[in-house]
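[1] how would this look folded up:
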Amino acid sequence: MSIKTMIEDNKNFAIGAVFVVLIAALIILSACVISVPAGHKGVAVAGFDVGMQFDEGWQFKNPLTQVEYVRYNTQITEESISARSADGYNVEIDFAIRYHLSENRVGDIRVENPDYEQTVIISILRSQVRTTVSDWNMTGEQMNLERSAYEAEVEARVIQALTEYYVIVEEVMIRNLDFPATVTVAWESRVAAEIDVQTATFELLAAEQRALQLLKIAQAESNSTVVLAEGQAEALRILAAESDNLDNSTIDYILSLKYIEALRDPESNVEYVILTDGDNPFILDMGTLGEETP
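    You can find the predicted model right below:
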């Protein structure tokens, strides 16, 4: 083998070795560099430094460390839970919980409870939903009518229970309460009956008020009639007392006026009166009395 050939072989070997070293370096570098997505933390779950956290963005790690990305920002988990009411009904409750993880304890959460959403969050939510119904001895109707208070109590209990697991609860929401169909129909019938009773009560009160008003009007009319009669009686008494001082023509005139006044009463329904001057009778139109002569 010539010297030239040996030099070329060594050159090719050197190039190959450099290429291998570069490939190995790239592999090692890729094993040492991670890119943590926004809203997540990198957590070392195997190898060296288990539980160690890595912030968002590009980070360096031990190539022998296995990292898992754990979401820590706000997220919502929904769950359907069955709870038995005090009156024996199985109520399907659709719940949702909005929460986030304590940013500085994401590593502890993941290491201590790998499937923390199921083993911690949903487990505690289920437990507190049922326990609250039991502790409050709530009937199905109470769960329906006192929904807001029930929801607030469950939220308070879940917040307290999840605090020790570094889970920050933002809100617990009741999406739906599903009662047996027979219970719903019975409630609707009872509510309709209560509305009918209230309507009848209001109508009775209104009728009583109308009757009372009519009674007051009748009493007022009766009082005015009595006053008028008493006045007329007093006038006649005075007239009788003064009759000795009046001649017959004056008395006849006054009585005629009283007679005509009585006839003109709207309640008398008299339209015409036959009168006489002693010799010739004539008809008096009551409707024209009081009209001015042109």
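
[2] from here on, contacts and neighbour counts on C-alpha atoms
    Noted.

[3] Show me what V169 is bridged to.
    When bridges are taken as DSSP bridges, the partners of V169 come out as Y99.

[4] From here on, call the first residue 786.
    Right, with 786 as the first residue, what we last looked at is V954.

[5] give the contact list for it.
    I882, R883, Y884, H885, V943, I944, L947 (CA atoms under 8 Å, 6 or more residues apart in numbering).

[6] Go again with 7 Å.
    Applying CA atoms under 7 Å, 6 or more residues apart in numbering to V954 gives the contacts R883, Y884, H885, I944.

[7] For F839, state which of the residues you listed is nearest.
    Ranked by distance to F839 (CA to CA), the contacts of V954 are led by H885 at 17.3 Å.

[8] Touching, that closest one and N858? I think so.
    Yes: under the criterion of CA atoms under 7 Å, H885 makes contact with N858 at 5.0 Å.

[9] Neighbour count for the two, which is higher?
    A side-by-side neighbour count of H885 and N858, using other CA atoms under 10 Å, places H885 first with 17 against 14.

[10] Could you pull out the helices in the stretch 836-985 of the chain for me?
    Counting by DSSP state H, counting those that start in this stretch, the segments of the stretch 836-985 of the chain that form helices are 891-897, 901, 908-921, 925-930, 932-948, 966-1027.

[11] could I have stretch 916-923 exported to CSV, CA atoms only?
    C-alpha atoms of stretch 916-923 as CSV (Å, rounded to 0.1, in the frame of the first residue of the first chain):
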residue,chain,number,x,y,z
THR,A,916,-71.4,13.6,51.9
THR,A,917,-73.1,17.1,51.8
VAL,A,918,-76.4,15.5,50.8
SER,A,919,-76.1,13.1,53.7
ASP,A,920,-74.9,15.6,56.3
TRP,A,921,-77.7,18.1,55.4
ASN,A,922,-80.2,15.3,55.2
MET,A,923,-81.5,16.8,52.0
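
[12] tell me the mean pLDDT over it?
    Stretch 916-923 shows an average pLDDT of 88 in the prediction.
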